[in-house]
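Engineer: Requesting a structural model of the entry that follows:
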Amino acid sequence: MRALIQRVTKASVSVEQQTVGNIGLGLCVFVGVTHDDDEAIVQKLASKIWNLRIFEDDQERMNHSIGEIDGEILIVSQFTLYSDTTKGRRPSFLEAASPEVAEPLIEKLCESLKALGAKVATGRFRSHMEVKIYNDGPITLSIDV
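Structural biologist: Numbers count the residues shown, from 1 in each chain. The predicted model follows:
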């Protein structure tokens, strides 16, 4: 799995001009799934997201995790994180898992984060989504597990 994590003051995702998920202060997490991902990798990514210390303490040092600040998480499936642009001008998405493989793993990621205590909102799988992000910092991290 691959994730692009953005610390946000707020974020939302809409499908056909209807908001399907929104959060306040927290993390917007774009998640890509590849062919050999499984539930063990999902658990590892959930733990990484939950425990990542990227929120400031009183001395403005990044010492707090999402749970410590009572923040929220917006999960957005993003197969394009596995694009290959090494040849030609059109990206290849052969490394991205099929929707039949990816969707249950994304759902499991959301369930795992909720089990850790996270407040989770999501986009809508297999839909054209419009994502609005208000970066906090901006702080953006790329994670591969």
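
Engineer: and residue 102, that's in a helix?
Structural biologist: Yes - counting by DSSP: H, G, I helix; E, B strand; the rest coil, residue 102 is located in a helix.

Engineer: per-residue pLDDT, the residue sitting furthest away from the middle of the chain?
Structural biologist: The outermost residue of the chain, judged against the average C-alpha position, is residue 88 (28.3 Å), by Cα atoms, centre = their mean. Among the per-residue scores, residue 88 shows a pLDDT of 92.

Engineer: From residue 112, how far out is it?
Structural biologist: Residue 88 sits 37 Å away from residue 112 when distances are taken as Cβ to Cβ, to the nearest Å. No exception for glycine: its C-beta is placed from N, CA and C like everyone else's.

Engineer: can you pull out the strands in the chain?
Structural biologist: In the chain, the strands defined using DSSP state E lie at 2-15, 18-23, 26-32, 55-56, 62-64, 72-77, 119-122, 129-144.

Engineer: what's the average pLDDT for the fifth one?
Structural biologist: Along strand 62-64, the predicted local confidence has a mean pLDDT of 96.

Engineer: before we move on, what about the third one?
Structural biologist: Mean pLDDT, computed over strand 26-32, is 98.

Engineer: Show me the strands paired with that strand, marking each as parallel or antiparallel.
Structural biologist: Here the strand partners of strand 26-32, with direction, are listed using DSSP bridges: strand 2-15 (antiparallel), strand 72-77 (parallel).
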